[in-house]
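1. Predicted model and sequence follow; I will ask about them next.
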Amino acid sequence: MKKDRLFLVSAVVILLAFTMILMAQDTPAYVGAEKCKMCHKGEKKGMIFEQWEGEKHAHALQPVLDEGEGENSLCLGCHTTGHGAGGYDPASETKDAFAGVQCEACHGPGSLYKKMSVMKDRDAAIAAGLNMPTEETCLQCHNNSHHEDMTFDYKEAWKQIEHRIPEEASE
Ligand code: HEC
Ligand code: HEC
Ligand code: HEC
Ligand code: HEC
């Protein structure tokens with residue numbers, strides 16, 4: 001009788017562990033822009049990483065730190081990447097990897113789509129969590145819910161940060 005129960009409990013524990021592993025594999029996680037760099041840097045790839053590094057998005061945490069609000073979740077939600085979802089966490093040692101508005105703030109958490117075999121296949125990448133951003137994506141942050149005087153013109157704003165893979169580089 002006791003042995004049966006022990007067996008049942010172990011079986012349930014093992015099943016739960018497996019379910020958790022499977023769920024972890026199915027849920028995309030934030031990896032940080034450094035992980036996108038190796039395939040999206042350099043002239044041939046359109047200098048996407050280098051261009052982003054020179055934009056305000058890459059340094060968007062700084063004005064929040066300057067105002068002494070580095071622990072304020074409200075600010076971090078718009079000025080960092082993946083805050084509250086496994087990305088930027090002010091208490092974590094790896095927080096610098098998710099500072100500012102990174103690739104994944106717009107393109108979605110990349111753990112499942114960043115593999116070459118997935119990235120080359122747009123449908124597979126989108127199924128794995130890749131987001132091809134639209135105006136809606138920008139409006140999650142470029143809205144006046146906090147900064148009351150904020151205005152946003154999508155076309156103008158996109159022109160300032162537009163990035164493309166050169167035609168001849170696509171394989
Ligand atoms: C809803 C999203 C959102 C929230 C919440 C938010 N910000 Fe911002 N913040 C933005 C955006 C978007 C901009 C850029 C506006 C622009 O340039 O049009 C910005 C700009 C700023 C700037 C000006 C930066 C510069 O380069 O001049 C400062 C400073 C700032 N935010 C601080 C904060 C602080 C501090 C908090 C929290 C108390 C906060 N923000 C909360 C989205 C947000
Ligand atoms: C502020 C939001 C935002 C950020 C940050 C951002 N992107 Fe994008 N990205 C976009 C939008 C919008 C498009 C165009 C989508 C479309 O054409 O449908 C795009 C398109 C792309 C494309 C496709 C280009 C093409 O030729 O079709 C690649 C590759 C890309 N981004 C990579 C990156 C990488 C790598 C980073 C980080 C270094 C990054 N993006 C950061 C918004 C962003
Ligand atoms: C996760 C929140 C977030 C998203 C999503 C977002 N932005 Fe931003 N954006 C910001 C913040 C915060 C700043 C201000 C950074 C600063 O001034 O330090 C900013 C600044 C900018 C700037 C000023 C850049 C510069 O270098 O002067 C432009 C242009 C811009 N965003 C365009 C866009 C566009 C276009 C999209 C959608 C494709 C977008 N943003 C999506 C948060 C966001
Ligand atoms: C192992 C290399 C590799 C890594 C790492 C990688 N990418 Fe890509 N990515 C590619 C390739 C290859 C393509 C297809 C480019 C082409 O069509 O020329 C691509 C395409 C894209 C596109 C355009 C998709 C489309 O269909 O238009 C976006 C957006 C993108 N990557 C974002 C990212 C982001 C964000 C990261 C980091 C989380 C990342 N990539 C990491 C290799 C990579």
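-> Good, I have the coordinates. Numbering: from 1, shown residues only. Ligands and ions are numbered 1, 2, ... in the order given.
2. Ligand 2 versus the nearest residue to residue 152 once chain neighbours are set aside, what's the distance?
-> Closest residue in space to residue 152, ignoring its immediate chain neighbours: residue 142 at 4.0 Å, by Cβ to Cβ, 6 or more residues apart in numbering. Yep, even glycine has a C-beta here, placed from its N, CA and C like the rest. From residue 142 across to ligand 2, the span is 9 Å (Cβ to the nearest ligand atom, to the nearest Å).
3. per-residue confidence at residue 142?
-> pLDDT for residue 142: 98.
4. Can you report phi and psi for it?
-> Note on residue 142: its backbone torsions stand at phi -80, psi 70 [degrees, to the nearest 10].
5. So what's the residue count around it?
-> Counted by other Cβ atoms under 10 Å, the residues lying close to residue 142 total 16.
6. wait, what's in contact with it?
-> 150, 152, 157 (Cβ atoms under 8 Å, 6 or more residues apart in numbering).
7. Can you tell me which of the residues you listed lies closest to ligand 3?
-> Ligand 3 lies nearest to residue 157 out of the contacts of residue 142, by Cβ to the nearest ligand atom, at 3.8 Å.
8. any idea how far the most centrally placed residue in the chain lies from residue 168?
-> Centroid-nearest residue in the chain, with Cα atoms, centre = their mean: residue 104, separated by 2.6 Å. Noted for residue 104: a distance of 27 Å to residue 168, by Cβ to Cβ, to the nearest Å.
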